[in-house]
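Asks: Need the 3D shape of this:
(2 chains)
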Amino acid sequence: MAFEIAIDGQDRKADILARKPDLTVSLGDAVYPLTYAAHPPEEFEIQIGGKIYKGFRYATAEEVHVRLDGRTFVVELPRFGGGRGAGGKHDNEIRADMPGTVVAIHCTEGDDVTSGQKLLTIESMKLQISMVAPRDGVIAKLPVAANTTFERGAVLAALKPV
Amino acid sequence: MLKKVLIANRGEIACRIMRTLKRLGIASVAVYHHEDRNAPHVAMADEKVELSGQVPTQAYLDQEQIVAACKATGAEAVHPGYGFLSENAGFAKRITDAGITFIGPDPEVITLMGDKIISREFAAKHGIPVAPSAKQTGTIEDFIKEAAAIGFPLLIKASAGGGGKGMKIVRQASELEENIRVAASEAQRYFSDGRVYAERLVDMPRHIEVQVLGDGKGNVVHLFERECSIQRRYQKVVEESPAPNLSSALRDEICASAVRLCAAAKYKNAGTVEFILGAKGEYYFLEMNTRLQVEHPVTEIVLGLDLVEEQLKIAAGQGLSLKQADIKQTGHALEVRICAERPEKDFQPATGRVGVLRIPEGEGVRWDGGIREGQAVTPAFDSMLAKLIAYAPDRATATKRLAAALRDTVLLGVPTNIDFLGRIMANPVFQSGKLHTGFIKEQGEALAPAAVPAAAEAAVAVAALTTTDDFQTSAFHTPEPYASIGAWRN
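Replies: Presented below is the predicted three-dimensional model:
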């Protein structure tokens, strides 16, 4: 059973290759026999090849945050959102990372837009942020009107599928 | 001295103020919105009063409810912290009219310094250098012509603004009109005042500010300078005192300018005069903040002072407890602002929940926070979660201590800039002290995260996967006959 995950946005494939004598996990092409412990649950200790990796972790609704050696990693897991990149749907939608208000819309439905072009200005946590086109395309939908609030994850603009 | 003080604020600054009140034996009153009922500032206070409001910010800005809370609890003074009502002249007046002491300047001085245009004119009149500029007096079309006449590059700002909101940089005439119109509409939106002004931009400027204390009778001392040049989105993220690579002659001149301005205004309270400093040593008045500043701890540490205590003494009519000749800087202090944001996504603010929190400790390390485990980080407030400060006899050691403290900080559940700040501390240009406000953009690539060793990445993957039932079951709870053939099961 392979696990498709992403670490800081980079796709990785992990798998359990053996359980005994050591739990053996693969990440990409590399194979790691290891030991694992977690007491209390937010503190882990993993030993790989004689080196001990001690850190902290916390699972949010969308991802797991892992603190190791003074660095925080964001790990996306398959249980969240039915696998990464499935169907290429995300490429067509510009979604909000957090709740906010649409301040201005700089395009209209049917517009030809180019990658990086500013489509909307939103305001969230007292800051104005530009939402840009992720690729070249045609605006299919602008579901949220100007001066309207939206929730986290809302689709703010959609491109016609290629 | 005062006996009971209400803090019209929340978060780290409310906690910070209460620490001093507690030390001085002064009772504290917290105000809070329902959403903040479990927040640290409420738990710390001697008394608490809930404010109603559809959204939390509305509650903290509700002047009538705050006055009523003072009356109900018998608080004789209000400390406004920073943000919210701290620079609202109407609030200061209302508090004073109700017979309560406002821990801050007189309303007239807040009004004077709160308007970028009027305060600049006041500064120029008193011999403080100001940058060549144009202000909007008539139509926006006339203003566009006047602004173009100053020459480029130009900075367009909201007259009533602060915190970089509504601010634009224009490098050529063809971009001027659009930027002025956008700045004006943002100014209208944020400050309900659409007036903007244009000013000559100093390229690669440093942000140098001077902490002052005034007694309201024209007696003013300065508490030396802070360098706040490391900024993103026009907001400070690293502050320090003293400023590196600043000659003592120039520093003395800038500090003297700040004192002159505040003496002329008969300034009362702690305050900060901000300047922009160019590569040739030219410096210009930027604005004055008539309140306690976010970055005040670096000054406190190098001077061995408690600025909140000084504010309380001044408000209680005890005047200045310090003479200029007695104020000496010792060592070096650095502060970083820990914010809920995504540095890799242009520092977009982020939300979440503080799931795991471990506060760093160490020699010379100070944590000014107002968060606890389990607390939600919502879009309702500013994204700053805490401040981390490090002190040492010299800048290099202070930088190392701050880097170590950042490494030891664990704050999971909401994306933060902690690791980004750590990379700033490790950056050779930062360490050399050659700072300017474009540092973060200029060092963009050098500030990117380093590659991760493969085995460490595997540990990260396992640490994350073991939080899921699927992985736990396959790895640890599979019945023996299946487990034994696991390796061949692909």
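Asks: Quick one: residues contacting residue 54.
Replies: Went with chain A since none was named. A:Glu43, A:Phe44, A:Glu45, A:Leu68 (CB atoms under 8 Å, 6 or more residues apart in numbering or on different chains). To be clear about C-beta, it is placed using only N, CA and C from the backbone, and glycine gets the same treatment.
Asks: now B:Arg94
Replies: So, once contact is read as CB under 8 Å, 6+ apart, B:Arg94 ends up touching B:Gln63, B:Val67.
Asks: sorry, back to before: show me the subset of the contacts of A:Lys54 that also lies near chain B.
Replies: Among the contacts of A:Lys54, proximity to chain B is found for A:Phe44, A:Leu68 (CB under 8 Å from any CB of the partner chain).
Asks: Sitting in strands, which of the contacts of A:Lys54 do you find?
Replies: A:Glu43, A:Phe44, A:Glu45, A:Leu68 (DSSP state E).
Asks: The residue lying closest to B:Gln318 once chain neighbours are set aside and chain A: what is the separation?
Replies: Setting aside the residues directly before and after it, B:Gln318 is nearest to B:Met1 in space (CB to CB, 6 or more residues apart in numbering or on different chains), at 7.6 Å. Separation of B:Met1 from chain A (CB to the nearest CB, to the nearest Å): 36 Å.
Asks: okay but B:Met1 is in contact with B:Ala27, surely?
Replies: No. Contact criterion CB atoms under 8 Å: B:Met1 and B:Ala27 do not qualify, at 11.7 Å.
Asks: CA atoms only for stretch B:347-366 - export them in CSV, please.
Replies: Output of stretch B:347-366 as CSV, limited to C-alpha atoms (Å, rounded to 0.1, in the frame of the first residue of the first chain):
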residue,chain,number,x,y,z
PHE,B,347,4.1,36.4,3.2
GLN,B,348,0.4,35.9,2.9
PRO,B,349,-1.2,35.8,6.3
ALA,B,350,-2.3,32.4,7.4
THR,B,351,-4.8,31.0,9.9
GLY,B,352,-5.0,27.8,11.9
ARG,B,353,-4.8,26.7,15.5
VAL,B,354,-1.8,26.7,17.8
GLY,B,355,-1.5,23.0,18.2
VAL,B,356,1.9,22.6,19.8
LEU,B,357,3.8,25.4,21.5
ARG,B,358,7.2,25.3,23.1
ILE,B,359,8.6,28.6,24.1
PRO,B,360,12.4,28.9,23.8
GLU,B,361,14.6,29.8,26.8
GLY,B,362,18.2,30.7,27.1
GLU,B,363,20.7,33.3,28.2
GLY,B,364,19.5,36.8,27.1
VAL,B,365,16.3,35.4,25.5
ARG,B,366,12.9,37.1,26.0
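Asks: which intervals of chain A have sub-threshold pLDDT?
Replies: A:79-91 (pLDDT under 70).
Asks: tally of neighbours for the residue nearest to B:Gln318?
Replies: Using other CB atoms under 10 Å in any protein chain shown, B:Met1 has 12 other residues around it.
Asks: isn't there a helix covering it?
Replies: No. Read with DSSP: H, G, I helix; E, B strand; the rest coil, B:Met1 is coil and lies in no helix.
Asks: Quick one: residues contacting it.
Replies: B:Leu24, B:Ile26, B:Leu312, B:Lys313, B:Ala316, B:Gln318.
Asks: can you tell me which two in those are farthest apart?
Replies: B:Ile26 and B:Gln318 (13.4 Å; CB to CB).
Asks: Where do the strands of the stretch 351-490 of chain B begin and end?
Replies: Assigned by DSSP state E, counting those that start in this stretch, the strands in the stretch 351-490 of chain B fall at B:352-353, B:356-358, B:365-369, B:376-377, B:384-392, B:410-412.
Asks: how close does B:Glu76 get to A:Glu45?
Replies: 54 Å (CB to CB, to the nearest Å).
Asks: Those two: who's more crowded?
Replies: Higher neighbour count among B:Glu76 and A:Glu45: B:Glu76, with 18 against 15, using other CB under 10 Å.
Asks: Confirm B:Thr20 sits in a helix?
Replies: Yes. Judged by three-state DSSP, B:Thr20 forms part of a helix.
Asks: dump the residue contacts of A:His65.
Replies: A:Arg57, A:Tyr58, A:Ala59, A:Thr72, A:Phe73, A:Val74, A:Val75, B:Gly355, B:Leu412, B:Gly413, B:Pro415.
Asks: sorry, back to before: closest to chain B out of the ones in strands among the contacts of A:Lys54?
Replies: Using CB to the nearest CB, A:Phe44 is the member of those that lies nearest chain B, at 4.7 Å.
Asks: Okay, and the beta partners of the closest one?
Replies: A:Phe44 has the following beta-bridge partners by DSSP bridges: A:Ala38, A:Gly55.
Asks: Tell me if I'm right that it and A:Ala37 touch.
Replies: Yes. The criterion here is CB under 8 Å, and A:Phe44 meets it with A:Ala37 at 7.1 Å.
Asks: Highest neighbour count among the contacts of B:Met1?
Replies: B:Leu312 (23 neighbours).
Asks: so for stretch B:75-87, what's the average pLDDT?
Replies: The average of the pLDDT scores along stretch B:75-87 is 97.
Asks: what kind of secondary structure is the residue most central in space within chain B in?
Replies: With distances taken as CA atoms, centre = their mean, B:Val294 lies nearest the centre of chain B, 3.9 Å away. Of the three states, B:Val294 takes coil according to three-state DSSP.
Asks: Count the residues that sit near the closest residue to it other than its chain neighbours.
Replies: Excluding the flanking residues, the one nearest B:Val294 by CB to CB, 6+ apart is B:Tyr82, at 5.9 Å. Neighbourhood size, B:Tyr82 [other CB under 10 Å]: 16.
Asks: cool, and B:Asp252?
Replies: B:Asp252 is flanked by 13 other residues according to other CB under 10 Å.
Asks: May I have the phi/psi pair for it?
Replies: Dihedral pair for B:Asp252: phi -60, psi -40, per degrees, to the nearest 10.
Asks: and it, what pLDDT?
Replies: 97.
Asks: same thing with the one 10 residues further on?
Replies: According to the per-residue confidence, B:Cys262 scores 98 in pLDDT.
Asks: Could you verify my assumption that it touches B:Ala270?
Replies: No. Using CB under 8 Å as the test, B:Cys262 is too far from B:Ala270 to be in contact (10.5 Å).
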